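Undergrad: Here is my input, please return the structure:
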Amino acid sequence: MGIFMCKNRTLLGALSFSIILAGLIFLTPASAPGADPQASPAEILALDNAQKTFEKGDFDNAILQLKDFLSKYPNSLKADQAYFILGESQVNQHHLPEAREAYKQIIDQFHSSSYYPQAYSRLANITYDLGDLDQAKRLFEDLLEEAAEPQKQVELYDKLIDIGIRKEAWNGAIDDLLERGKLLTGGADQENSKNKVIELVQTKLSKKNLWDLIEKYPQSFPGDFAYVRLVSVYETEKDTFHLEKTIKHFLEAFPRNGNGEVFKIKIGTINDLAKKHKINIGVVVPSLQKASEVVDQVVNGVNLALWDYQKTAHDESVGLIFKELGSQSEKNRPEVESFIKEFSPKAIIGPLFSKEFESMAGLADSYSIPFMTPTATHPGITLKSKFLFRNALTNGTQAREIADYAVAQGHLKRFVILYPKNSYGEEASKAFFDEVIRLGGEVIFMDSYPPETTDFSPQIKQLIKVDLTKYGVEGEIAEEKDYKHKVKREYTPGFDSVFLPGEGEKGGLIPSQLAFYDIQGVVLLGTNGWNSTDFLRAGGKYVEGGVFVDGFFIGSTAPLAAEFVSRYRKTFQSDPSIFSAQSYDAMQMILQSVKGGASTGSQIKSAILEIKSFDGVSGTTRFRPDGEAEKKVFILQIKNGRFTQVNQP
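TA: Numbers count the residues shown, from 1 in each chain. So this is what the prediction gives:
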């Protein structure tokens, strides 16, 4: 039985929150029941003697007597009383771990004992004093659930608040402070609780903590103070995108707040300062909520690149100006044109989606402004203008790179392709097929599967059938492998590798099913859809040794990438993604052009095309005349259930 039996019990008023480390505790008949008619005279005498020894303050001898009692009478009906006195004796001798064990015996064995409430309270406090804060928190929460008196609830909240602060669980501590404040009747006490909340908001909470607080209290205290703090943080960081967005959200949530007018002035100041920059780089992103995570990663990447540039080049003449696009695509082009006329950006990063990016071709040509997307992946989106560039890892690039690695470095010759029947799978599989053939390899089988399926046996059975007509070998009947009364023959595949451009959990299911049909000892190849814990979890031991490509690896040992990851985490309290990395590099290439003397859109475009080999955090990059990036990607392998880097891109 566990120690959390407190729930749904009535603890009455017997909660005690002071561990007695000195002085005596006298057990009165009310707290220690009188002699039980079923207890033997020897039991009664032994326990009475131990209690008298305890009451005299001779705790060492009381401990000895009580242990002797429990040893002689382990099933005594007065054992709960003995354990309680033993716990009190251990406490007074500062033997807290031993006292905790004594109280736990009552909690575990004597659920109906009159000592249960006091033992539970003592256990919670001792656990707290011993520094086991997680366990203490659970115990105090149990006690709080049962506590009826406001004063006792306040005392319990005090403990929970302290635990939250000690564990730096700031949002939890704030929640407990707010609940505690509701129980207070004095104005001064309530004000003190509120001031403590404000202090934590202003001094302890990270940006993520602050946004979590706003999500929980969107239009009430302390959500307003969280907004104000975020405005201060973003202003200090010079993160104008999140600064302006935060102010707008604040004005919607708290239209009558006294900070409103000041914040409106700040928005005007952002635009005024942007117009004073010698060179503005525009960033165009969607305002869609579903894209907010990617938008944050892109914005963080370009911001970090600019801040690094300003720090190393000591140049404040270059700035960023942001534009959010709405959901009505027909308005995007005129809105971007107005943005260009107002702020005169010399280059623009974005849009992020392929369709919106491709629609900017006319503006790029008309205003001679290079647009560079760090995320869009559809084929051919740079072909409509010489001012369109893509610094993003495409599905085709991934497939060609992994095929090149497999043939040139892995010395693999015969391949199988199993791909999801969607645009992603079709593009990747075709590019892989074409590259294998170009390099002199052979694709002996290629088939698709519905993206939603979890059963790949039809494709695998057909693969084996085709392979047996070419290079596969069928052996003797495997007697021990009798699946649903169907005899199964051993099968040895005649190919070297299987290309699986699947994603996440679904993609991870295929390798185990291949193994089920004796397709083992072949090299599994993939794309960046493998780069997830879902894939590892689903694939388990069957994906061990598999090789795939990605445009960024957060665990890279390459100095540039490792330093970027460290700075990103320190600045944004989160991990960078491939979108963060590609946006960082896109901005760095534009800034490199500016540093080299480019000051117009045409000059920046020419400088970008002249880049022979840009060493970035997302690998080595150069651009073809059509604006497509040629990138050396990260080759990654699964070893011991973890992703490891094979090459240095």
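Undergrad: close enough to count as contact, residue 644 and residue 636?
TA: Yes: using CB atoms under 8 Å, residue 644 makes contact with residue 636 at a distance of 6.8 Å. Glycine gets a C-beta too; all of them are placed from N, C-alpha and C.
Undergrad: Which of these two has more residues huddled nearby?
TA: Taking neighbours as other CB atoms under 10 Å, residue 644 and residue 636 compare with residue 636 leading, 23 against 13.
Undergrad: Which secondary structure state does that one sit in?
TA: strand (DSSP: H, G, I helix; E, B strand; the rest coil).
Undergrad: Residue 446 now?
TA: strand.
Undergrad: Show me what it is bridged to.
TA: residue 417 (DSSP bridges).
Undergrad: Against residue 418, how distant is it?
TA: Taking CB to CB, to the nearest Å as the measure, residue 446 falls 8 Å from residue 418.
Undergrad: ok, these two, which is more surrounded?
TA: residue 418 (23 against 17).
Undergrad: What separation do you get for the more buried one and residue 522?
TA: 12 Å.
Undergrad: any common contacting residues for the two?
TA: residue 498 (CB atoms under 8 Å, 6 or more residues apart in numbering).
Undergrad: Which phi and psi values does residue 122 adopt?
TA: phi -60, psi -40 (degrees, to the nearest 10).
Undergrad: Surely it and residue 96 touch.
TA: No: counting by CB under 8 Å, residue 122 does not reach residue 96; the two are 10.2 Å apart.
Undergrad: These two: which has the busier surroundings?
TA: residue 122 (27 against 18).
Undergrad: so what's residue 475 scoring on pLDDT?
TA: Note for residue 475: predicted pLDDT of 78.
Undergrad: Quick one: find the helix or strand in this protein with the lowest mean pLDDT.
TA: The weakest-scoring helix or strand in the chain, judged by mean pLDDT, DSSP states H and E, is strand 473-483 (a mean of 64).
Undergrad: which stretches of the stretch 501-649 of the chain form helices?
TA: Remark: helices assigned in the stretch 501-649 of the chain by DSSP state H, counting those that start in this stretch are 504-516, 533-539, 559-572, 578-595, 601-609.
Undergrad: So which other helices or strands are in contact with the second one?
TA: Think helix 533-539. helix 504-516 (3 or more CB pairs under 8 Å, 6 or more residues apart in numbering; DSSP states H and E).
Undergrad: and the helix it packs on, what's its mean pLDDT?
TA: Rounded mean pLDDT across helix 504-516 is 93.
Undergrad: Show me what that helix is packed up against.
TA: So helix 504-516, by 3+ CB pairs under 8 Å, 6+ apart, packs with strand 414-420, helix 457-468, helix 533-539.
Undergrad: same thing but at 6 Å, please
TA: Packing contacts for helix 504-516, counted by 3 or more CB pairs under 6 Å, 6 or more residues apart in numbering; DSSP states H and E, involve helix 533-539.
Undergrad: For residue 628, give the beta-bridge partners.
TA: Here residue 628, judged by DSSP bridges, has bridge partners residue 390.
Undergrad: What distance do you get for it to residue 376?
TA: Taking CB to CB, one finds residue 628 at 11 Å from residue 376.
Undergrad: helices and strands around the helix or strand hosting residue 182, which ones?
TA: Taking DSSP states H and E as the criterion, residue 182 maps to helix 170-183. Identification of packing neighbours for helix 170-183 by 3+ CB pairs under 6 Å, 6+ apart yields helix 150-166, helix 187-203, helix 207-216.
Undergrad: For the nearest residue to residue 240 once chain neighbours are set aside, give me the backbone phi and psi.
TA: Take residue 240 and drop its neighbours on the chain: the residue closest to it by CB to CB, 6 or more residues apart in numbering is residue 270, 5.1 Å away. Backbone torsions for residue 270, taken as degrees, to the nearest 10, come to phi -60, psi -50.
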